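Undergrad: below: sequence and its predicted model.
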Amino acid sequence: MKAARTFSKNDVVASYVKQFESLAPGSDPVWLREMRREAIYRFAELGLPSARQEDWRQTRLSSLTKEPFVVASDGVCPGEVTGKRALDPGTHREIEIVFVNGKYSPARSSFANRNGLSVRSMSDAIRSGDERVRGYLERTRGRALSPQPFLALNSAFFQDGTCVFVEEGVKAGCVVYVTYLTLDDDSQPQTPAPASARFIRNLIAAGPDSAVSVIERFETRGEARRLPGFLSTVSEIFVGDRARVDHYELQGNGGSDHVGLIRAELGVKSQVSSHSVSVPGPFVRLVRKDIEVVMKGEEGECRLSGIYAGRGDGQQVFRTLIDHAKPSGKSVQLYRGILDGAAHGVFSGKVIVEPDAQNTDAKQVNQNLLLSDEATAHTTPRLEIRADDVKCSHGATVGQLDEEAVFYLRSRGVGEELAKKMLTEAFAAQVLDEFGNETARREALQLFEDWLRGKEAA
Amino acid sequence: MKVVSHAIRELTDREYPYGFVTEIESESVPRGLNEDVIRAISRIKGEPEFMLEWRLKAFRHWLTLKEPRWPNVQFATIDYQDIIYYSAPKTNLPGTSGAEATIEEVDPELRAMFGKLGIPLEEQKRLTGVAVDAIVDSASVATTFKKKLGELGIIFCSFSAALREHPELVMKYLGSVVPYTDNFFAALNSAVFSDGSFCFIPKGVRCPMELSTYFRINAADTGQFERTLIVAEEGASVSYLEGCTAPMRDRNQLHAAVVELVALDDASIKYSTVQNWYPGDKEGKGGIYNFVTKRGKCKGARSKISWTQVETGSAITWKYPGVVLEGDDSVGEFYSVALTHNFQQADTGTKMVHLGKRTRSTIISKGISAGHGQNTYRGLVSVQRNATDSRNFSQCDSLLIGNRCGAHTIPYIEVKNRSSQLEHEASTSKISEDQLFYAKQRGIAGEDAISMIVNGFCKDVFRKLPMEFAVEAQKLLEVSLEGSVG
Amino acid sequence: MLTIRNIHACVGEKEILRGLNLEVAPGEVHAIMGPNGSGKSTLAHLLAGRESVHVTSGEILYQGKDLLSLNPEERARAGLFLGFQYPIEIPGVGNAYFLKAALNSIRKAKGLPELDAFDFLELVKRKMKLVELDPKFLERPVNQGFSGGEKKRNEIFQMAVLEPTLAILDETDSGLDIDALKVVAGGVNSMRARDRSIIVITHYQRLLDYIVPDHVHVLSGGRIVRSGGKELARSLEESGYEAAHRKVSEGVLG
């Protein structure tokens, strides 16, 4: 549009490094400053990924690599100043943490005091000097199972996020709602500002024998849906022995391209689930989600599921990697893509069973519904097995709605269009059956139904 | 795994039975690769000018390429200057290459070698009903049944003979499916290929017998770079068999073949391979690097190309026999059994590229890993925008024997229109104690039970092989599995 | 009610129906019997509007209107119901949701108000008793995880809810044990009415002991080769289809 000059990938990398160097030191403690510095070096070293790398083969990165984004600077949360737009007054939740345009909004958040559960914004948690935060963040130091330049970039720049700690043995009814709200920034004049990048970092750590559910919702309102941008999210989940974490990511119609990473580490007999629904708006070029799970203890269990639906010409990529490092683990993956218009969906799943991991039971399913001749589905369900006493299977399908089923419905008087809608909804709803939390399931269904009715274009 | 180990240990020490070396005089070009070597190969073979030009273009392109590396295959760097690119058994008649010799003229040592391999080379074995083109090291040594096939207009001869007698056909189809730019090893093959088989089935002719090529690497330090080209004209059909063995040598040897198949309207080509190159010893020393490019093009409407392979040999196998489904309503099939044992590595699969409307493809892959064997299925199914109403079904099953081996499945699937249906399934299993116990309880010995289970696992593929090959494949599997658990 | 005149129809390249004629008056129950491959199911699918069945010539009038010009849902809304031989499983679509969508589509087409969830549930519970179907089936996806018998009962239950004018039951008896057969037949019999016609397609005479037809037709080679009263079914049972067909052929020749 405005930029007459074209940028190379190296220019983009250099721009991030330069922005890092010009950052005000802020209130970061020394260890975090060190960590960020290390991360930006790592990012510079890794560079932006290219399609030649196996893990990025089918991902269209051009929207993120052609032009540098401006890292969103510290500012005041717009709603906080004007007091406008109260957030859904009717839906008060016991434990809810709200971010507006990436900034923690204390006024909109609410916490009930509860023994053994701590929910804070990442910035508060760091400021509090809680040693656990440092411990967990330094555990990975911006490294993942695979080289992840965006993890490094996130570690260098993250501004805020949610920090959830559950103490040993704490179980009953811990549901944490996290809302990331993007509003058009009406506190500032509407100048065509350069597209900005936001970095969100979440940390969820569940102590032994504890349980918690975290429901993350990404909501964009009004004109903000048309604004291009770049959203980087990293959620690290540590599940103690015999503990359980259920994680949800509900993503409706937004404007930003999104690159997200969810990493989970499981202890002995611990369980993690991560479920997502992704129905990005028509202006989004890329949604890329990486979900990596390492089973560090025996008898770990992992359930991943997701729906991705698209109608524009953007791309959505779901990449999963489950590392069965210890025996008797179980993993189930179910992802379904519903691709209309010129949408492009990619599923790239991988299950690794290490030599030690006998008795592993892994199941991986990806199914795609192509609703138009311009849509494209890619699927690569991979297995890498190095132990013999395992039960592993994967399946992938691409196709259209079952004609027999359409006929059956029509023969009962249901019109063709409605019949197809019902079947499409059913196709998605089956994935939602994996969602253990009823609120999350209902919201996910609502998002999908809105998409199905074409509301996202509005 | 107690039962398994006991049963299998009894068989442990049987060796690769085809590992003998035959003392045959051979003529070779100097070690190493440069344009002079290529000119020498072309000159020895008395090739037409266009062929030399093509070879040189391929060579120059090859120089610009890098040797590929794959995540699941490990091998030491190959020194391409330390390979002898042309080696052919010397014939008794001066001035003729092997292919021109009649059966009687073939070196008796050579005939004895094929006898040992059980290959019906001599005319008296005509009753087996299989026409054979035998290739030792780089040169074709004999083609049987030539006359009988000639009466039907079928051309079945060595590639060298085809270049001399039918240069226009070779020129028309060579490189039309696998261009020399295709990949590193295809480029290398295009530059240095020494011989191979050529087969042409004219319009409307159904080839009355199985055609077969038998490949053997005999000389040390040679690479084998053969090239096979099969063309089936409108309405023609042919079934083609390929078998391979090599002697035991400590050093790795390179085999980089190219196979091209072309099927015109309503034609059908069935290509079966039993690959049993020397796999290396129990410690993983020696063995063939089998880096092969095989592809068929269903050029015509309603044409059909079917690949069946049983891969039990080679230290490393890297091949993806594929089908480009260009003609409307064309059909591609891939049936594969790949077995890796000891330190063998196999990275094999197929590429099905759907371009025409209503094209159909089926993939059945059975991978068996034993010992330290690493078995990878890597496949691509691509349904392009215009390939409406197309279908694919893929099934990739892995069987693991022992806990030091690996089975990997990497299917790439890409669909660009909504009227096509695609289904991929995969499973991994092992031979269970329960299965073996059940068999033993019914009086079946351990090793028989294992081969029974493995054979059962592979049945869908064996059924696709021509009869005599199916029997050979089963036996091969039994032999290859010996000592699989220790 | 239904008039089929000299219908020729193909599935793919193959001609299956070759000049079939049939007349069904309101309130009548017709049984169509015939050996495997005689075209019974093709006829059923043709009537319901299956696109894979192509009519090459002939006409079909339903309530005096051209049936062939209607698409499947229009036929259903006009009161035509097909009980499938192999009811398809529709994962993810709840039975109740499905049936409510169907019922309200039909009601809307008739100019009746749509039923709300409460009225619908009441209606459905009443009808379920008819075929002794457990109410828990309402929550399950359409036909998924149902036994063969449950699927068939589900078909009759749907018929009871939708109250069609013309019901075609395609081999509703196949795969049923004698108890289930009685239940299904009871459901069908309770639906018999002066303004409703039923066509029962079956391979065996057994079903007709419970659903007694007014007319019996023998379908063979794509056309009706013999018609008669209910006693025809019994004679077929004794002498077989071959004999029935032969008799006709002889008759034609003689």
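TA: Perfect, I can see it now. Numbering: from 1, shown residues only, chains lettered A, B, ... in the order given.
Undergrad: what score does the closest residue to chain A within the stretch 1-150 of chain C have for pLDDT?
TA: Relative to chain A, the nearest point of the stretch 1-150 of chain C is residue C:92 (3.1 Å; CB to the nearest CB). Placement of C-beta: from N, CA and C, glycine included. In this model, residue C:92 is scored at 73, pLDDT.
Undergrad: what of residue C:223?
TA: The model's pLDDT for residue C:223 equals 91.
Undergrad: what does the one 4 residues further on give?
TA: Each residue has a pLDDT score; the one for residue C:227 is 91.
Undergrad: please apply the same query to the one 10 residues further on.
TA: The per-residue pLDDT reported for residue C:237 equals 73.
Undergrad: shouldn't it be in contact with residue C:202?
TA: No: in this structure residue C:237 lies outside contact range of residue C:202 using CB atoms under 8 Å: 11.4 Å.
Undergrad: these two: who's more crowded?
TA: residue C:202 (23 against 13; other CB atoms under 10 Å in any protein chain shown).
Undergrad: so how far is chain A from the more buried one?
TA: Distance of residue C:202 to chain A, given as CB to the nearest CB, to the nearest Å: 20 Å.
Undergrad: may I have the phi/psi pair for that residue?
TA: Torsion angles at residue C:202 (phi, psi; degrees, to the nearest 10) stand at phi -150, psi 160.
Undergrad: show me what it is bridged to.
TA: Beta-bridge pairing of residue C:202 under DSSP bridges involves residue C:33.
Undergrad: and it, how far is that from residue C:18?
TA: The spacing between residue C:202 and residue C:18, counted by CB to CB, to the nearest Å, is 21 Å.
Undergrad: check whether stretch A:383-395 comes near chain C.
TA: No: contact of stretch A:383-395 with chain C (CB under 8 Å from any CB of the partner chain) is absent, the minimum separation being 14.1 Å.
Undergrad: mind listing what's buried along that stretch?
TA: A:383, A:384, A:385, A:386, A:387, A:388, A:389, A:390, A:392, A:393, A:394, A:395 (16 or more other CB atoms under 10 Å in any protein chain shown).
Undergrad: same question, stretch C:15-25
TA: Quick answer for stretch C:15-25 (16+ other CB under 10 Å): C:16, C:17, C:18, C:20, C:22, C:24.
Undergrad: flag the shaky bits of the chain, pLDDT-wise.
TA: With no chain named, the answer covers chain A. A:1-6, A:25, A:73-92, A:113, A:141-146, A:172, A:185-194, A:455-458 (pLDDT under 70).
Undergrad: my question was about chain C
TA: C:242-254.
Undergrad: which parts of the stretch 351-458 of chain A sit against chain C?
TA: So the stretch 351-458 of chain A meets chain C at A:402, A:404-405, A:407-416, A:418-419, A:422-423, A:425-430 (CB under 8 Å from any CB).
Undergrad: could you redo the last one with a cut-off of 7 Å?
TA: Neighbours of chain C within the stretch 351-458 of chain A, by CB under 7 Å from any CB of the partner chain: A:404-405, A:407-408, A:410-416, A:418, A:422-423, A:426-427, A:429-430.
Undergrad: list the contacts for the closest residue to residue B:354 other than its chain neighbours?
TA: Closest residue in space to residue B:354, ignoring its immediate chain neighbours: residue B:387 at 3.9 Å, by CB to CB, 6 or more residues apart in numbering or on different chains. Contacts of residue B:387 were listed using CB atoms under 7 Å, 6 or more residues apart in numbering or on different chains, and they are B:354, B:355, B:356, B:357, B:359, B:417, B:420.
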